[in-house]
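S.K.: give me coordinates for this.
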Amino acid sequence: MAEFSRGSIRNITLIAPHGAGKTSLAEAMLFMHGATDKLGKVDDGSSTLDYESEEKNRNMSINSHVAFFETKNHFINVVDTPGFLNFLYETDSATKIADGAVILVEAIQGEAPVQVRKYWDMAGDIPRLIFVNKLDRENTSLEDTVNSISNELGVKALLFTLPMGDEGNFNAVIDFVKMKAYTYDSDGNTQGIPIPEDMIEKAKAGREKIVEAVAELDDELLVKYLDGQEIDEDLMIKMLHQGILDAKIYPVFAGSATNLLGIKALVVGICRYLPSPIERNSISAKNGEGEEIQINPEEKGNPAGYIFKTISDPYAGKMSIFRVFSGSIKSDSTVYNSTKGVKEKLGHLHRLIGKKEYPVDVAECGDIVAVNKLKDARTGDTLCEESNPRIIPPAELPSAVLSFAIEPKSRNDEDKLNPSLAKIHEEDPTFQYHMDEETNEFLLSGTGQSHVEVLVNKLKEIYGVNVDLHTPRVPYKETIRGKSTTEAKYVKQTGGKGQYGVVSINIEPLPRGQNFEFVNKIVGGAIPKNYIPSVEKGIIDAMKSGELAGYPVVDVKVTLFDGKFHPVDSSDMAFQIAGSMAFKQGMKDAKPLLLEPVMKMEITIPEDSMGDVIGDVNSRRGKVSGVDSLAGSHLINALIPMSEVLTYAPELRSITSGRGTFTMDFSHYEEVPHQQAGKIIAESSKGTESEE
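M.R.: Residues are numbered from 1 along each chain as shown. Model (predicted):
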């Protein structure tokens with residue numbers, strides 16, 4: 001492997017909505033530059049990068065995957081990222097370690113997909129190029145697509161290459177900067193050809209727009225341009241490079257990844273215009289005292305590596321993939337995990353192309369490498385020197401917004417469930433799992449339905465754990481709105497010592513959230529003191545299952561004011577049962593009602609979805625408490641019953657064309673409307689009958 005200076009390295013991430021062709025583009029770049037022997041394809045499962053079984057089955061990326069290839073003068077690390085909304089944490093993490101991005105836009109019927117705004121924003125402040133893909137298909141228009149990009153993103157997209165030919169028949173592109181045309185064959189070979197006569201005027205017009213954009217970057221160049229003087233090509237490339245770094249120019253390249261068209265022109269653009277590791281901005285971090293510091297991209301600086309990806313395998317163990325932001329890290333050395341506060345012994349370092357490993361002795365500033373079997377390291381950890389600890393903040397975890405109850409199919413599955421989920425969590429920290437004490441269900445929560453399905457399939461295929469999925473129960477509760485007074489008598493004679501206990505209680509409601517209060521007002525020894533706790537225990541046991549639909553009872557005050565006992569037949573058990581009987585009868589007489597959990601939600605949506613989303617919130621019995629305007633979007637604050645948002649994630653995605661996001665937390669309980677309460681009680685009765 002050839003040696004490359006730090007200035008000749010490019011670290012790029014591919015970002016786009018699902019289906020735009022990111023993996024196909026990565027496969028094309030690898031094949032055309034000799035990093036792979038054959039062109040991997042997503043559709044037939046031969047992709048080098050999407051090698052996991054779930055990715056092959058679904059024909060899409062679920063994880064980010066790293067690869068590298070070499071040109072004559074440059075070494076390029078590529079991170080291919082998922083585009084499906086359930087897996088965008090992988091994209092966020094990859095963007096954190098990239099120096100530049102290629103944003104893919106699918107050209108179909110002349111329009112850029114509206115979702116591209118979300119992915120454009122995900123690139124943050126790193127320099128980027130745009131690649132309009134799938135131009136070999138019918139009914140596509142590059143000009144309309146570029147205009148759509150500019151309108152959607154609010155930037156001036158500038159075309160740098162132009163396809164030659166119509167739709168499915170194009171087999172060459174024109175490079176406006178070099179003013180040359182290039183043909184491509186099925187093996188990825190490129191050949192320069194003259195620009196056809198009928199396209200020279202288009203090519204000149206395209207180049208003129210680039211020259212004009214360059215001139216506007218510098219006052220002296222603008223004077224030369226206005227005077228009709230030529231701008232030197234090398235100077236133009238240098239100025240374009242800086243203009244792209246300063247987010248003043250947004251180049252657009254055109255082609256077809258699956259047909260290898262326009263790919264080498266794009267790679268040339270990556271090498272010319274995107275920054276090297278030593279050109280990137282410093283990265284924010286904290287020192288050992290928790291103070292804010294900046295880590296500069298220095299070849300000889302103190303080492304700092306950031307783990308952005310973990311791969312967990314039940315047989316090969318754990319692999320940590322990290323980017324070196326400063327200094328160098330050697331194989332078989334000891335580093336300090338400043339996030340965990342422990343030392344880590346490194347084994348051999350290696351680069352990756354998919355799952356194939358290429359050993360390296362040292363990882364220097366700008367390198368992306370992997371290491372196996374670190375003991376304590378997790379995604380988001382920082383590796384550095386113990387004498388100079390720095391912590392790079394991890395990418396923010398998305399909210400787990402969709403929960404399913406999972407039920408192991410056998411005792412063996414139950415025993416393996418928690419350890420297996422813990423292993424999967426090492427590589428995917430975006431899901432949560434726990435036992436819900438209120439519903440007694442084991443809940444698995446993820447970023448969407450596809451996410452949860454992938455987790456369940458991993459449990460089965462990789463760890464041999466079989467589970468059933470079902471919608472989780474809503475933890476309804478019961479309470480009262482009225483008062484009641486009840487006497488209950490428990491008498492039982494069995495021939496010998498019997499059972500005897502009589503209690504009289506008052507039941508009344510408490511303010512919401514007060515749960516339970518027991519008051520003892522027995523006087524004159526009507527019930528001996530040693531039996532009072534038994535009465536309370538019987539009442540608490542009865543509160544576990546209300547009289548309406550069998551849900552726990554809350555927010556009641558019970559006052560024990562009278563009773564009777566027998567010196568021989570009374571017992572703890574008798575007064576427990578009497579207390580339970582009294583409470584159950586008293587609940588029926590105190591106007592019981594159902595309570596439902598209400599969620600506090602923050603819903604971020606594009607402006608054009610405002611009316612539809614608010615209408616949908618209202619249809620879910622929600623209450624909008626406020627709307628805040630953000631840059632190009634709105635934040636809706638709302639309170640919505642939990643039962644109405646158990647499957648909200650895919651529905652919001654549909655309303656907003658994938659651009660809406662939300663978070664939700666429990667807010668409070670409130671009364672279920674009469675009509676809904678009747679349905680819940682009826683369903684509960686059916687469930688009870690089926691059990692009987």
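S.K.: assign a three-state SS to residue 151, would you?
M.R.: What DSSP: H, G, I helix; E, B strand; the rest coil gives for residue 151 is helix.
S.K.: any idea which element the residue nearest the centre of the chain lies in?
M.R.: For the chain, residue 89 is the residue whose C-alpha lies nearest the centre (C-alpha atoms, centre = their mean; 4.0 Å). In the assignment (DSSP states H and E), residue 89 maps to helix 88-97.
S.K.: quick one on the thing from earlier: ok, the residue nearest to the centre of the chain - contacts?
M.R.: Applying C-beta atoms under 8 Å, 6 or more residues apart in numbering to residue 89 gives the contacts 395, 397, 398, 429, 430, 447. For the C-beta atoms, the positions are set from N, CA and C on the backbone; glycine is no exception.
S.K.: now for those residues, which pair is the farthest apart?
M.R.: Greatest spacing in the contacts of residue 89, by C-beta to C-beta: 395 and 447 (13.6 Å).
S.K.: these two: who's more crowded?
M.R.: residue 447 (24 against 19; other C-beta atoms under 10 Å).
S.K.: residue contacts, that one?
M.R.: Contacts for residue 447 (C-beta under 8 Å, 6+ apart) come out as 85-89, 398-402, 430-431, 649.
S.K.: read off the pLDDT value for it.
M.R.: Reported pLDDT at residue 447 in the predicted model: 86.
S.K.: now residue 265: how far from residue 187?
M.R.: Residue 265 sits at a distance of 17 Å from residue 187 (criterion: C-beta to C-beta, to the nearest Å).
S.K.: for the lengthiest strand in the chain, what is the average pLDDT?
M.R.: Among the segments of the chain that qualify as a strand by DSSP state E, the longest is strand 592-606. Taken as a whole, strand 592-606 has a mean pLDDT of 92.
S.K.: higher neighbour count, residue 265 and residue 187?
M.R.: Set residue 265 next to residue 187 and count neighbours by other C-beta under 10 Å: residue 265 wins out with 26 against 9.
S.K.: for that one, what are its contacts?
M.R.: Contacts of residue 265 by C-beta under 8 Å, 6+ apart are 160, 161, 173, 175, 182, 253, 255.
S.K.: do residue 479 as well
M.R.: For residue 479, the contacting residues are 509, 553, 554, 555, 556, 592, 593, 595, by C-beta under 8 Å, 6+ apart.
S.K.: can you list the contacts of residue 89 in JSON lines and add distance to residue 500 and secondary structure?
M.R.: Shown next, in JSON lines, are the contacts of residue 89 (distance: C-beta to C-beta, whole Å; DSSP: H, G, I helix; E, B strand; the rest coil):
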{"residue": "395", "distance to residue 500": "67", "secondary structure": "coil"}
{"residue": "397", "distance to residue 500": "59", "secondary structure": "coil"}
{"residue": "398", "distance to residue 500": "60", "secondary structure": "coil"}
{"residue": "429", "distance to residue 500": "59", "secondary structure": "coil"}
{"residue": "430", "distance to residue 500": "59", "secondary structure": "coil"}
{"residue": "447", "distance to residue 500": "59", "secondary structure": "coil"}
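S.K.: between these, which is nearest residue 136?
M.R.: When those are ranked by distance to residue 136 (C-beta to C-beta), residue 447 comes first, at 33.3 Å.
S.K.: how about the closest one, nearest residue that isn't a chain neighbour?
M.R.: With C-beta to C-beta, 6 or more residues apart in numbering as the measure, residue 86 is the residue that lies nearest to residue 447, at 4.7 Å, once sequence neighbours are left out.
S.K.: for the one you found, what are phi and psi?
M.R.: As for residue 86, its main-chain torsions (degrees, to the nearest 10) stand at phi -70, psi -20.
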